[in-house]
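> here is my input; please provide its structure:
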Amino acid sequence: MAGTRKSPRKEVRRPVWAEVSLGALAQNLEAIRKYVNPPHEKRKAPRKILSIVKGNGYGHGGPEVAKALEKAGSDWFGVTCTDEGIAVRQNGVRNPILVLTSFVPGEESRLVEHDLTAVIHRCEQLELLNRAAARRGGKKRVPFHLKIDTGMNRLGVSSTDMDCFARQLGKCKHLQLTGIFSHFASSEVFTNTAVGQQTREQEERFYAALERLRALGIDPGIVHLANSAAIVTRPETWADMVRPGAILYGYHPGYDPPEKREEAEARLPLKLVMSLRARIISIRTVPAGAGVGYNATFVAKRPSRIGVLAAGYGDGIHRSLGNRGSVLLRGKLAPIVGIISMDVTMIDVTEIEGAEIGDVATIHGTDGARSLPANQVARSIGTVTSDLLCAVDQRVPRLYFP
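Numbers count the residues shown, from 1 in each chain. Model (predicted):
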């Protein structure tokens, strides 16, 4: 029973931790690989997988999950910035690492030094990267990927600026374009609206830009488009490589209309990888009419037993869950009461028979036969799954299991 679970660590630590199943992670990767490489399809080479490990691996521990994913067969990795890429590289990962948000002036030498693949999203970045490549010396050219803005209007060279890009690239003798990609803004939306049509429009712009580059004599290298939602529901976007993010960690995106989610879950079953847990460190009985926590936003309507968890919003329990969310305790849901503090959270254990100090509560994840998935918790407070996963703070120990 969860309430009598032994401490997961021999040394004394603050009783909050995240359990990460590397076995579930590897199974999800393999399921994705098989899904995007159906046996009936005739291809010269199987599609590659670029595993997204940015945001500290969606809160799971970026360097650690990257190492496990490489062992399980991931071809590439995606990080946000140079520092994330270096941390992954220093953990022994040897496969290519793509720095998705590129670099700021002054970082380009570190990218080259640590064998990270830069993303070019502005033409003027080419000269900076070319200089860094020249300083490195040697005959081997430094690889990079080109990001094309196809309508998200965030990052990327405009899909209509391929001639300008080609002219700039022609001046950079130390660089080699080895990949081209874009990012979908609404691949999870299937409604008959302008947003619902956006993915198709982005595809059209992308392939027009790609054909223009080829017409200019430029080999684009690896072509990749599909994020998690597109991987599951839009096979026409799979190209040469796909970029799974949330689905690697066991979560399908929220679809519009919602019925699409059930369809997606049936197409690609996934396993939850992380469970966030904390122990009860105090229980007190409060009388009817007594307030609990800051500003007494919860007032007991009856004599109640209130447990205090050794975790708060500073650890990754979303503050919006106060008086709205629940945790799993002894196989049942225990309501979160009062305002969530930075370091502690109060729960009502009145209905949890036998609840005692030391019991383990699961904030999100699995507990025996029961689960409280992070996407379910996220929907209840109007946010997205990755918001909750990435919120799990660095001070929370990650315990990795096969």
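> look up which residues are beta-bridged to Y400.
As for beta bridges, Y400 partners with V20 under DSSP bridges.
> neighbours of it, how many?
Applying other CB atoms under 10 Å, we find 16 residues neighbouring Y400. For glycine as for every other residue, the C-beta is placed from the backbone atoms N, C-alpha and C.
> shouldn't it be in contact with E64?
Yes. Here Y400 reaches E64: they are 6.1 Å apart, a contact under CB atoms under 8 Å.
> anything in contact with each of the two?
Residues within reach of Y400 and of E64 at once, by CB atoms under 8 Å, 6 or more residues apart in numbering, are V20.
> quick check: longest strand in this structure by residues?
Scanning the chain for the longest strand, with DSSP state E as the assignment, gives strand 274-286.
> what about I231, distance to A246?
Separation of I231 from A246 (CB to CB, to the nearest Å): 10 Å.
> just to revisit the earlier point, just the buried residues of the longest strand of the chain, please?
M274, S275, L276, R277, A278, R279, I280, I281, I283, V286 (16 or more other CB atoms under 10 Å).
> cool, stretch 125-144 as well?
Q125, L126, L128, L129, N130, A132, A133, V142, P143, F144.
> average pLDDT across that stretch?
Stretch 125-144 shows a mean pLDDT of 92.
> end to end, how far does that stretch reach?
End-to-end span of stretch 125-144 (CA to CA, to the nearest Å): 11 Å.
> count the neighbours of F103 for me.
When counting by other CB under 10 Å, one arrives at 23 neighbours for F103.
> can you report phi and psi for it?
phi -140, psi 160 (degrees, to the nearest 10).
> could you check how far it is from T82?
Distance from F103 to T82, counting by CB to CB: 6 Å.
> got any residues that touch both of the two?
By CB under 8 Å, 6+ apart, F103 and T82 have these common neighbours: L111.
> T345 contacts G312, correct?
Yes. Using CB under 8 Å, T345 is in contact with G312, at 5.4 Å.
> between those two, which one's more packed in?
Higher neighbour count among T345 and G312: T345, with 30 against 21, using other CB under 10 Å.
> just give me the neighbour total for the spatially closest residue to that one that is not a sequence neighbour.
Leaving aside its sequence neighbours, T345 sits nearest to L309 (CB to CB, 6 or more residues apart in numbering; 4.5 Å). Per other CB under 10 Å, the neighbour tally for L309 reads 30.
> how near is L309 to A133?
Applying CB to CB, the value for L309 to A133 is 51 Å.
> break this protein down into its domains, please.
Taking automatic domain parsing as the reference, the chain has its domains at 2-7+272-401, 36-267.
> same list (those) but as JSON lines, adding distance to V16.
Shown next, in JSON lines, are the domains of the chain (distance: least, CB to CB, whole Å):
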{"stretch": "domain 2-7+272-401", "distance to V16": "4"}
{"stretch": "domain 36-267", "distance to V16": "14"}
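> looking at those domains, spot the one closest to A26.
Proximity to A26 (CB to CB) singles out domain 36-267 among the domains of the chain, at 3.9 Å.
> the closest one spans what distance, first to last residue?
When the termini of domain 36-267 are compared using CA to CA, they are 11 Å apart.
> same check on stretch 348-368?
First-to-last distance for stretch 348-368 - CA to CA - comes to 21 Å.
> cool, and stretch 65-84?
End-to-end for stretch 65-84, by CA to CA: 13 Å.
> which stretches of the stretch 201-350 of the chain form strands?
For the stretch 201-350 of the chain, the strands defined by DSSP state E, counting those that start in this stretch occupy 222-224, 241-242, 274-286, 291-292, 298-299, 304-309, 326-329, 332-337, 345-348.
> mind giving me the packing neighbours of the fifth one?
Right, the one you point to is strand 298-299. Secondary-structure packing of strand 298-299 (3 or more CB pairs under 8 Å, 6 or more residues apart in numbering; DSSP states H and E): strand 291-292.
> next: the last one.
Packed against strand 345-348, as judged by 3+ CB pairs under 8 Å, 6+ apart, are the following elements: strand 304-309, strand 326-329, strand 332-337.
> over to the longest one?
Counting contacts by 3+ CB pairs under 8 Å, 6+ apart, strand 274-286 is packed against strand 16-21, strand 304-309, strand 360-367.
> wait, which of those strands is closest to C164?
C164 lies closest to strand 16-21 among these, at 44.6 Å (CB to CB).
> apart from its neighbours in sequence, what residue is nearest R89?
Closest residue to R89 apart from its sequence neighbours, by CB to CB, 6+ apart: H114 at 5.1 Å.
> quick check: that neighbour vs D256, distance?
39 Å.
> then G291?
G291 is 40 Å from D256, by CB to CB.
> swap in I281?
Counting by CB to CB, the gap from I281 to D256 is 41 Å.
> before we move on, what about L155?
The value you get for L155 to D256, if CB to CB is used, is 24 Å.
> now swap in A24 and tell me
27 Å.
> between those two, which one's more packed in?
A count of neighbours by other CB under 10 Å puts A24 above the other of A24 and D256, at 20 against 16.
> excluding chain neighbours, what is closest to the more buried one?
Closest to A24 by CB to CB, 6+ apart is K271, at 3.8 Å.
> mind telling me what element A66 is part of?
Counting by DSSP states H and E, the element that carries A66 is helix 62-72.
> other residues contacting that helix?
Helix 62-72 is contacted by residues 20, 22, 25-26, 29-30, 51, 53-57, 74, 77, 79, 84, 87-88, 90-95, 248, 398, 400 when judged by CB under 8 Å, 6+ apart.
> do stretch 206-224 as well
Here stretch 206-224 makes contact (CB under 8 Å, 6+ apart) with 48, 50, 143, 145-146, 148, 150, 159-160, 162-163, 165-166, 169, 177-182, 225, 239-243.
> among those residues, which are located in helices?
Judged by DSSP state H, the contacts of stretch 206-224 include M162, D163, F165, A166, L169 as members of helices.
> export these to CSV and tack on pLDDT and distance to R324?
Output for the ones in helices among the contacts of stretch 206-224, formatted as CSV (pLDDT from 0 to 100; distance: CB to CB, whole Å):
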residue, pLDDT, distance to R324
M162, 95, 49
D163, 95, 53
F165, 95, 48
A166, 95, 53
L169, 96, 52
